[in-house]
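Chemist: Here is a sequence together with a model predicted from it:
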Amino acid sequence: MPETLKLTANAAQIEHWNAVAGNTWAQFHELLDRQIEGLGLAAIDALEPTKGEHLLDIGCGCGQTSLALADRVGSTGSVVGIDISAPMLEVALHRSRANPRLAVTFRRVDAQTDDLGSCSMRPSLASE
């Protein structure tokens, strides 16, 4: 991943999600996704995304919700998933490559400190 997160007050969380926690979640993402899928789908249903919308998924982890959102917004919409965890984003990128029809990109961004307004304007990690 080409991005380097800035050292911030959130440094402990960045370290946590890029070490044991992120690696463990990435390793067991299929099991964990099955456990929390209902919550993500309920949130998506409450959001009621429509074709053509452009959405930002903060804390996208391994990409399950971002991919589900991208399916809902279709080819005329897009989803940018952001997270601080490189191991989890690697899983998300792998999943997005397996679903090339979905307009979804993933960024390594710290939602606590980075400018989220420019996330969708940057190139996709999938193409870097």
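Modeler: It's in.
Chemist: Can you get me the centre-to-centre distance for the lowest-mean-pLDDT helix or strand in the chain and its chain?
Modeler: Lowest on mean pLDDT, DSSP states H and E among the helices and strands of the chain sits helix 11-18, with a mean of 92. In this view, helix 11-18 has its centroid 16 Å away from the chain centroid, taken as C-alpha atoms, centre = their mean, to the nearest Å.
Chemist: which residues touch Ile82?
Modeler: Each residue near Ile82 by C-beta atoms under 8 Å, 6 or more residues apart in numbering is listed here: 56-60, 106-109, 111, 116, 119. All C-beta atoms are positioned from the backbone trio N, CA, C, and that covers glycine.
Chemist: By neighbour count, which of these wins?
Modeler: Counting neighbours by other C-beta atoms under 10 Å, the top entry in the contacts of Ile82 is Phe106, with 27 neighbours.
Chemist: List of residues touching the biggest helix by length in the chain?
Modeler: Using DSSP state H, we find that the single longest helix of the chain is helix 29-47. Contacts with helix 29-47, where a contact means C-beta under 8 Å, 6+ apart, come from 25, 61-62, 64-65, 68-69, 72, 88, 91.
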